[in-house]
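1. attaching a predicted model along with its sequence, questions to come.
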Amino acid sequence: MADSLPIKADPVLDGELVDDTLPQPRPRASRRERFVFWWVHSPRVPLWLKRRDQARQAAKDFVVGVLRSPFWFLGAVFRGLVLGVRWWRGWVTVRDFREAAVQAEKLADKFGDIRVLTLFRWKVTGAVSVASAGVVTLADLLYGEVALWGLGGGAALALAIFGRRKEGSPGRKAVLSGPRTLSWTMDPQVLVDAFRDAKLIGKDETLRLVQRATRMGYGWAITVDLPATRKAADVIKNREALASALAVDEVQLIVERVRGNGGHAGRVSMWVADEDPYAAPPIRTPLLQVERWDAWRPVPFGRDARDRRVDLPLVWTSLLVGAIPRQGKTFATRLAAAGLILDPYTRLYVADFKAGKDWDAAAQVAHRFMSGDESAHVLALAGWLVELVGEVQGRYRRMRELDDETCPESKVTPEMSRDRMLDMPITAVVIDEVQVPLEDRTAVKVEGKTLTAGEYVGELLTWLAKKGPAAGIVLALATQRPDSKTIPSGLRAVLGSRFALRVMDWRDSNIVLGEQMNTRGYDSSRLLASHKGVGILRPDGDTQAGADVLALTVRTYYMPNEDWQAICRRGRELREAERTLTGHAAGSDLTIENTVKVIDAGEPQSESSESLPEPLAALAKYLAADSREFVPTSELVNALDADPREFAELMNDLGCQRTRGRVPTEDGGARQVRGYLTAEIRTGLRDRADVSADAGEEVSS
Ligand SMILES: Nc1ncnc2c1ncn2[C@@H]1O[C@H](COP(=O)(O)OP(=O)(O)OP(=O)(O)O)[C@@H](O)[C@H]1O
């Protein structure tokens, strides 16, 4: 029975082998498609027939034109009348003949002729007036009022044509004409004149209109083509001259190059705001409305003058924020950090050298957190950075071992960054007032070389900015002193994204934004002091304004402390839910003791302690075998059996600063006490030993 059951056969497939490496025939476009293509691309079809917004604008212009036409007509008739009377006076007084005679100094000879001619012209005028009056009366008698209206209308039309505004038309020019503001939107000649006045085009050159003046947001937009050989980049550079010629503040004028398919090197798109675009109240960050964020998505950063949203990509790059105090530096850096905080897979290192309250809320989410501006904090930061250098090296090593599917290049991918087994989360290092650690002069010894802690931190940051981004390390540095001495040029060169709020002069602006940026029209020293949170962003990668935009002026979103705290709280909740809380936030507080270990501050040489006077020799001996980085004052006082006051003076003489540090307690916790950094004591002892040795040598010789 089972044998007789039908068996399902495999499908029989029929096919033809096609070699798709050869050129394939392309289907011919239909007539309609070709027509549509021609219609869209032809320069002969006006834009208002192609685009709805342009059609709407054209209709608006038409209505405005119709409404204004009676006034234009009356103005033209009046001008025609004035010009007519002026012309008649010149004719009846034989002005040209008289002037020629005056110039030839023959007025006396020609006086009789001129008089005769004048008399004759007066007679002609009288005859024409009488004849005209006769014609009008006759027409009135024959045809009544209609004729009077007809003749009056004809005369008015003739006068209006005679008096219409045209290039080179005669007429008195006002010595002080009225404001030019926005007149260019109605009269393109004003725009051409502005470009000429700003010396962006020559006297005989003109502009070509690509897109007529259109209302866009709270301003007018227009796109023009410059004459051949003129560059749009020069217009951007000389924006201020153009703003003056158009009678607007330069913050109101946005000039951009049109790039890509629809643009070329001479196509300029302009937008002129009706009023100061940054005078309106600031907008709160949209991050408040989101539950969570993905660190791989650009973070909402602010809005440009045209109210377009500007997002800032952070992963695979690093950020430098620079400004003079109170301009919104911390606010801007916190915005960047906020996007990362709302991603529970992101790890954060936050060092606040401003030592204020601005960053405190981040402590509840940060893997490492500190706030302070003493040398101890600088050394702790160096410890973090060394830890991160090790982490980056480890990540590269591990990436090399991963298969190509998981890790196609030597770069962290979104999937990798969220894979807990791989342990390569996006790690953000946020340092506010980075000039504090970079300027620190505490001596440290690294691999046998003595250098200042500032130099060491600079070297580590440069290394991380170079190698870190691909391994998922994001640096966000904010500085109050963007001068070349503070931020080493090597470090600046590798920080991809820059944001310059107001600075003191163009040099500082260039230090943040990059060489020559002021000559390209980007100078943050020209921003107004009242424009808090407004700065020039030079992004690394795409922004909403387009990948080709070199830099743009942005006003950052406003995120006061309460919003910042709310975001940090949410960041913590998200991390708790995902079980990604680590380090400081998870309570395993890393104290200064175990983070600075990496710095070898140099052992005091044995002969040094010999050449030291007491009680310094005892101090050197006591610390000789000590591997701790921080020693409490009370312990040292006890060990040396010294008077606390004398001991404090002694340490002061050695150049050691008293600081706070944590020491482990018996119950496994930690306690904060006052004390000294061993690195500092050792440096002081070594210096003193050198001085004593030199003195000894001098005495013996
Ligand atoms: N986007 C913004 N819109 C409006 N006001 C802002 C904006 N950003 C910052 N501010 C204002 O600017 C003030 C200074 O900001 P912030 O504390 O960030 O300055 P700072 O440059 O970090 O100053 P300092 O160098 O003293 O630390 C803030 O109190 C805030 O009111």
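-> In hand now; what should we look at? Quick caveat: nothing in here was measured; it's all calculated off a predicted structure.
2. from here on, contacts and neighbour counts on C-alpha atoms
-> Fine.
3. give me the buried positions along stretch 440-458.
-> Across stretch 440-458, burial judged by 16 or more other CA atoms under 10 Å covers 440, 442-446, 452-458.
4. likewise stretch 67-74?
-> Those would be Phe73, for stretch 67-74 by 16+ other CA under 10 Å.
5. hmm, who's touching it?
-> Ala160 (CA atoms under 8 Å, 6 or more residues apart in numbering).
6. could you do stretch 88-102 as well?
-> With CA under 8 Å, 6+ apart as the criterion, stretch 88-102 contacts 107, 110, 114, 117-118, 121-122.
7. in JSON lines: these, plus secondary structure, pLDDT and distance to Tyr278.
-> As requested, the contacts of stretch 88-102 are exported to JSON lines (DSSP: H, G, I helix; E, B strand; the rest coil; pLDDT from 0 to 100; distance: CA to CA, whole Å):
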{"residue": "Leu107", "secondary structure": "helix", "pLDDT": "72", "distance to Tyr278": "67"}
{"residue": "Lys110", "secondary structure": "helix", "pLDDT": "77", "distance to Tyr278": "70"}
{"residue": "Ile114", "secondary structure": "helix", "pLDDT": "84", "distance to Tyr278": "67"}
{"residue": "Leu117", "secondary structure": "helix", "pLDDT": "87", "distance to Tyr278": "68"}
{"residue": "Thr118", "secondary structure": "helix", "pLDDT": "89", "distance to Tyr278": "66"}
{"residue": "Arg121", "secondary structure": "helix", "pLDDT": "90", "distance to Tyr278": "65"}
{"residue": "Trp122", "secondary structure": "helix", "pLDDT": "92", "distance to Tyr278": "65"}
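8. filter those down to just the buried residues.
-> With burial judged by 16+ other CA under 10 Å, the buried subset of the contacts of stretch 88-102 is 107, 114, 117-118, 121.
9. can you list the residues you listed in JSON lines and add distance to Ile222?
-> Below are the buried ones among the contacts of stretch 88-102 laid out as JSON lines (distance: CA to CA, whole Å):
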{"residue": "Leu107", "distance to Ile222": "56"}
{"residue": "Ile114", "distance to Ile222": "56"}
{"residue": "Leu117", "distance to Ile222": "55"}
{"residue": "Thr118", "distance to Ile222": "54"}
{"residue": "Arg121", "distance to Ile222": "53"}
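10. can you pull out the helices in the stretch 551-700 of the chain?
-> Applying DSSP state H, counting those that start in this stretch to the stretch 551-700 of the chain gives helices spanning 561-578, 592-595, 606-611, 616-624, 633-640, 644-654, 678-700.
11. to the ligand, which of these lies closest?
-> Taking CA to the nearest ligand atom, helix 561-578 is the member of the helices of the stretch 551-700 of the chain nearest to the ligand, at 9.3 Å.
12. now do the phi/psi pair for Gln289.
-> With angles defined as degrees, to the nearest 10, Gln289 sits at phi -90, psi -10.
13. can you pull the pLDDT of it?
-> pLDDT recorded at Gln289 is 91.
14. ranking the helices of the stretch 551-700 of the chain by mean pLDDT, which is last?
-> Out of the helices of the stretch 551-700 of the chain, helix 592-595 stands lowest, with a mean of 43 (criterion: mean pLDDT).
15. low-confidence ranges, the stretch 1-150 of the chain, go.
-> By pLDDT under 70, the low-scoring segments of the stretch 1-150 of the chain are 1-5, 13, 16-27.
16. of all residues in it, which one is closest to the ligand?
-> Residue of the stretch 1-150 of the chain nearest the ligand, by CA to the nearest ligand atom: Asp53 (31.7 Å).
17. picking that back up, now the helices of the stretch 551-700 of the chain in CSV, with distance to Ala29 and mean neighbour count?
-> Output for those, formatted as CSV (distance: least, CA to CA, whole Å; neighbours: other CA atoms under 10 Å):
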stretch, distance to Ala29, mean neighbour count
helix 561-578, 54, 19
helix 592-595, 69, 19
helix 606-611, 90, 16
helix 616-624, 87, 18
helix 633-640, 87, 14
helix 644-654, 87, 14
helix 678-700, 78, 17
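18. ok, the closest residue to the ligand within the stretch 401-550 of the chain - contacts?
-> Residue of the stretch 401-550 of the chain nearest the ligand, by CA to the nearest ligand atom: Gly533 (3.8 Å). By CA under 8 Å, 6+ apart, the contact list for Gly533 reads 327-329, 331-332, 501, 555-558.
19. okay, now the domains of the protein?
-> Following automatic domain parsing, the chain resolves into domains at 52-163, 183-273, 286-586, 601-700.
20. give me whichever of the ones you listed is most buried.
-> Highest mean neighbour count among those (mean count of other CA atoms under 10 Å): domain 286-586, with a mean of 21.
21. what about that one, start to end distance?
-> One end of domain 286-586 sits 28 Å from the other (CA to CA, to the nearest Å).
22. that's all I had, so thanks and see you.
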